[in-house]
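Trainee: Pasting a predicted model and its sequence here:
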Amino acid sequence: MEVSSGLTRVQALAQSGLSRVPPQFIQFPENRPIHQDPRAATTSSSFVNSDADIPVVNLFGFDPDQTNSVREAIRRDCREWGAFHVIDHGIPVSLLDDIKRVGLTFFNDCPMSEKLRYACDPSSAASEGYGSRMLQSSDQQQNDAVQILDWRDYFDHHTLPLSRRNPSSWPNFPPDYREVITKYSDEMKILAQKLLGLISESLGLRTSCIEDAVGDFYQNITISYYPPCPQPELTLGLQSHSDMGAITLLIQDDVGGLQVLKDGDKWVTVKPLSNAILVLLADQTEIITNGKYRSCEHRAITNSNRARLSAATFHDPAKSVKISPASELLGESSPPKYRGVVYGDYVSSWYTKGPEGKRNIDALVLDS
Ligand SMILES: O=C(O)CCC(=O)C(=O)O
Ligand SMILES: [Fe+2]
């Protein structure tokens, strides 16, 4: 497959009118989504689909009079789900609409030749720009014979710290694209700080405990575009994983397709809730909280009718930061459950081995 060709993008592949997906996109049977009614489904996998609903936490605009009950709700949802919607979060609805609008305009209205001017560097992990997880060369095809590809294109923006933020490397179509991403980045940082504060307090920790452990945020915003797929029962938009960093804030359009894994065996679809923001706990928060809160495993499924768009904002430590369980949570009766890890090493292992659910964080668990 040629890197420079538009067909290295899933959107172009989908638009070429194919009725079956190329074999690289076909998931192993145990990883395929179950599209039937779960009560009627027979499946070779040990997972079932559940029609439970992800919890919703009203933040009451961070009104101090509501903090106790908000903290209590966050504590319960972090323990039971590692994920929850927040509403009355203080982010203007117009900004949530704007980021979806500029993302969709880029994917739908920019010619492929223009999009490819922003192509990310396929040889370096998490490079900024427009990409897809696609085969890059025949050599790699041989080495990665069993690599299965996501039915997704994306645009990854490096937004924080400011030294990494270079708006001229982002699209300028529509004309307010760069301004919207910049504003959204700043607002998401503030919300992530407030949420990590409440999450720390919900464990009886100092407000700044998790944020101090993470240090200055490395923030990336990834806009994902999932084209309609002719064989949704065989594919995934994004394979099952937990996010690597500390906390992810995600919004999606009204199509739906994000699923979170509950209790290790039930896939729960995150029904789109307008104007809500989904909070996903990521792996470093699991380590810092010594497993009191677990990161949320999630994936995206595809559908044959409508393209889907999401925007995920990741808040991660710098690569040089060492992450370990918070000392406040350790004692004679509560030993560390995770080995400390330099974040950059964690990221390298994630990209070398692949996420495969939560294998990377599981590798740090200490024997009890
Ligand atoms: O598209 C989605 O809803 C999920 C995106 C996601 O999980 C990711 O980019 O890490
Ligand atoms: Fe994710």
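Mentor: Okay, I see it. Residues are numbered from 1 along each chain as shown. Ligands and ions are numbered 1, 2, ... in the order given.

Trainee: Would you mind listing what in the stretch 201-350 of the chain touches ligand 1?
Mentor: 222, 224, 238, 243, 250, 252, 258, 298, 300, 310, 312 (Cβ under 6 Å from any ligand atom). All C-beta atoms are positioned from the backbone trio N, CA, C, and that covers glycine.

Trainee: Inside helices: which ones of those residues?
Mentor: In helices, judged by DSSP state H, none of those are found.

Trainee: These: which two are farthest apart?
Mentor: The span of those, defined through Cβ to Cβ, is set by 243 and 252 at 15.0 Å.

Trainee: where's residue 291 relative to ligand 1, distance?
Mentor: 21 Å (Cβ to the nearest ligand atom, to the nearest Å).

Trainee: Now do the same contact list for that residue.
Mentor: 325, 337, 338, 365 (Cβ atoms under 8 Å, 6 or more residues apart in numbering).

Trainee: Do I have it right that the first one meets residue 338?
Mentor: Yes. The pair residue 325 and residue 338 passes the contact test of Cβ atoms under 8 Å, sitting 5.8 Å apart.

Trainee: which residues are common contacts for those two?
Mentor: Common neighbours of residue 325 and residue 338 (Cβ under 8 Å, 6+ apart) are 287, 290, 291.

Trainee: Pick out whichever of the residues you listed sits closest to residue 48.
Mentor: Closest to residue 48, out of all of the shared contacts of residue 325 and residue 338 and judged by Cβ to Cβ, is residue 291, at 24.8 Å.

Trainee: Look up which helix or strand the closest one falls in, please.
Mentor: Using DSSP states H and E, residue 291 falls within no helix or strand.

Trainee: for the stretch 201-350 of the chain, what spans make up the helices?
Mentor: 209-214, 283-288, 343-353 (DSSP state H, counting those that start in this stretch).

Trainee: can you name the farthest residue from the center of this structure?
Mentor: residue 332 (35.3 Å; Cα atoms, centre = their mean).

Trainee: Would you mind checking which of the contacts of residue 291 is nearest to residue 10?
Mentor: Among those, and counting by Cβ to Cβ, the member closest to residue 10 is residue 365, at 34.6 Å.

Trainee: Same question for stretch 315-327: list its buried residues.
Mentor: Residues of stretch 315-327 classed as buried by neighbour count (16 or more other Cβ atoms under 10 Å): 315, 316, 317, 321, 323, 324, 325, 326.

Trainee: If you could redo that for stretch 286-306, that was the one I meant.
Mentor: 286-303.

Trainee: what about the strands in the stretch 251-368 of the chain?
Mentor: 258-262, 266-269, 277-281, 298-300, 308-316, 322-323, 341-342 (DSSP state E, counting those that start in this stretch).

Trainee: Could you dump those strands into a markdown table and include mean pLDDT?
Mentor: Below are these laid out as a markdown table (pLDDT from 0 to 100):
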| stretch | mean pLDDT |
| --- | --- |
| strand 258-262 | 97 |
| strand 266-269 | 95 |
| strand 277-281 | 98 |
| strand 298-300 | 97 |
| strand 308-316 | 98 |
| strand 322-323 | 98 |
| strand 341-342 | 98 |
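
Trainee: in this structure, what spans have low per-residue confidence?
Mentor: For the chain, applying pLDDT under 70 flags the ranges 1-7, 35-45, 134-146.

Trainee: The same query, at a cut-off of 50, please.
Mentor: 1-4, 36-44, 135-142, 144-145 (pLDDT under 50).

Trainee: you'd agree residue 227 is up against residue 154?
Mentor: No. The criterion here is Cβ under 8 Å, and residue 227 misses it with residue 154 at 11.9 Å.

Trainee: Can you name the residue of the stretch 101-250 of the chain nearest to ligand 1?
Mentor: In the stretch 101-250 of the chain, no residue comes nearer to ligand 1 than residue 224, which is 4.3 Å away by Cβ to the nearest ligand atom.

Trainee: One more: the stretch 151-300 of the chain?
Mentor: Closest point on the stretch 151-300 of the chain to ligand 1, by Cβ to the nearest ligand atom, is residue 258, at 3.6 Å.

Trainee: What's opposite that residue in the beta bridge?
Mentor: residue 300 (DSSP bridges).

Trainee: from what I can see it touches residue 268, true?
Mentor: No. Using Cβ under 8 Å, residue 258 is not in contact with residue 268, being 9.6 Å away.

Trainee: So between these two, which is more surrounded?
Mentor: Between residue 258 and residue 268, counted using other Cβ atoms under 10 Å, the more crowded position is residue 258 (27 against 20).

Trainee: Identify the residues contacting that one.
Mentor: 250, 252, 269, 270, 278, 298, 299, 300, 310.

Trainee: My guess is the last one contacts residue 252. True?
Mentor: Yes. At 4.2 Å, residue 310 and residue 252 qualify as touching, with contact defined as Cβ under 8 Å.

Trainee: Those two: who's more crowded?
Mentor: Neighbours were counted for residue 310 and for residue 252 using other Cβ under 10 Å; residue 310 has more, 26 against 23.

Trainee: Identify the bridge partners of that one.
Mentor: residue 224, residue 252.

Trainee: and it, what is it in contact with?
Mentor: 223, 224, 226, 250, 251, 252, 253, 258, 300.

Trainee: let's see it at 7 Å
Mentor: Residue 310 is in contact with 224, 250, 251, 252, 258, counting by Cβ atoms under 7 Å, 6 or more residues apart in numbering.
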